[in-house]
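**Q** Need coordinates for the following:
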Amino acid sequence: MDKAALTALWEQRWPGSPPIGHEIEDRGRERWVRFHSLPGSKRYPEDEGEYAILLERHNTVLESLFAGGEVYVMVPRWTGSAEAPAGPPAGAHWRSWLQQDDPDPEFRTYGHVFVERRPWRRGCLDGLLRRVADEEEAGVIVTDTGLRRLYHPYDGGADVHLVSTRERDELRDRHAGWLSGHPGGW
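**A** Next comes the predicted model:
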């Protein structure tokens, strides 16, 4: 992985946003849509049947975004040290930064992101998606290698940042039953 090239591309496509799913800036809001992973906007799966629904919804949207291509899977970690911690088994350390500064070093927080480049295939991220649903992982991003489309799964659904409002509208309309009832789409 060419860390410098990936960083430059990230800064070009998503300036001012750290590569952490829930911290992506709202400036592309007109190209954003949120899907809920369970019927009735239920947040947490309680049994294998609900995990199956959750994984089917995630994989359906991911497949429509990345079928036939490669993706970057970005997984963050947070620590009190500038030194990168051990990352996920398949990821390589990409970048670190001071996320929360404080005069007292004990209260400083550093963000570290690990990246894996892999071919997309349906089901290849099921383990990660289950850990996200169970709040064992957070801030994950799945993106095409050009960083144009971001898929941020979270416990309860996924935020999707797309290239255009037309693409957003088409995806939103295809899965209208998975949308929030909230007027703002939350």
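
**Q** so how far is G157 from L62?
**A** Distance, L62 to G157, using C-beta to C-beta, to the nearest Å: 13 Å. Placement of C-beta: from N, CA and C, glycine included.

**Q** For the protein, just list every one of the helices.
**A** Secondary structure of the chain by DSSP state H: the helices cover 3-13, 48-66, 126-133, 165-174.

**Q** Now do the longest one: which elements does it pack against?
**A** Helices and strands touching helix 48-66, by 3 or more C-beta pairs under 8 Å, 6 or more residues apart in numbering; DSSP states H and E, are helix 126-133, strand 141-144, strand 150-154, strand 157-161, helix 165-174.

**Q** buried set for that helix?
**A** Applying a neighbour-count criterion of 16 or more other C-beta atoms under 10 Å, one finds 50-51, 54-55, 57-59, 61-62, 65-66 buried in helix 48-66.

**Q** I'd like the mean pLDDT over it, please.
**A** Computed over helix 48-66, the mean pLDDT rounds to 98.

**Q** now what about that helix, what contacts it?
**A** Applying C-beta atoms under 8 Å, 6 or more residues apart in numbering, the external contacts of helix 48-66 come out as 35, 37-39, 42, 45, 120, 122-123, 125-126, 129-130, 133, 142, 144, 149, 151, 153, 158, 160, 171, 174-175, 178.

**Q** Buried by neighbour count, from these: which ones?
**A** Using 16+ other C-beta under 10 Å as the burial test, the contacts of helix 48-66 include 35, 37-38, 45, 120, 125, 129-130, 133, 142, 144, 149, 151, 153, 158, 160, 171, 175, 178 as buried.

**Q** Ramachandran coordinates for W14?
**A** For W14, the backbone dihedrals are phi -130, psi 60 (criterion: degrees, to the nearest 10).

**Q** okay, now it: neighbour count?
**A** 20 (other C-beta atoms under 10 Å).

**Q** so where is the protein shaky, pLDDT-wise?
**A** Within the chain, the ranges that satisfy pLDDT under 70 run 26-28, 183-186.

**Q** The nearest residue in space to R108 that is not next to it in sequence: neighbouring residues, count only.
**A** The shortest distance from R108 to any residue other than its chain neighbours is 5.2 Å, reached at D102 (C-beta to C-beta, 6 or more residues apart in numbering). Number of residues near D102 (other C-beta under 10 Å) recorded here: 10.

**Q** The one 5 residues further on too?
**A** Applying other C-beta under 10 Å, we find 10 residues neighbouring F107.

**Q** May I have the beta-bridge partners of F35?
**A** With DSSP bridges as the criterion, F35 is bridged to A158.

**Q** how near is it to W178?
**A** With the distance defined as C-beta to C-beta, F35 ends up 4 Å from W178.

**Q** Great, nothing more from me.
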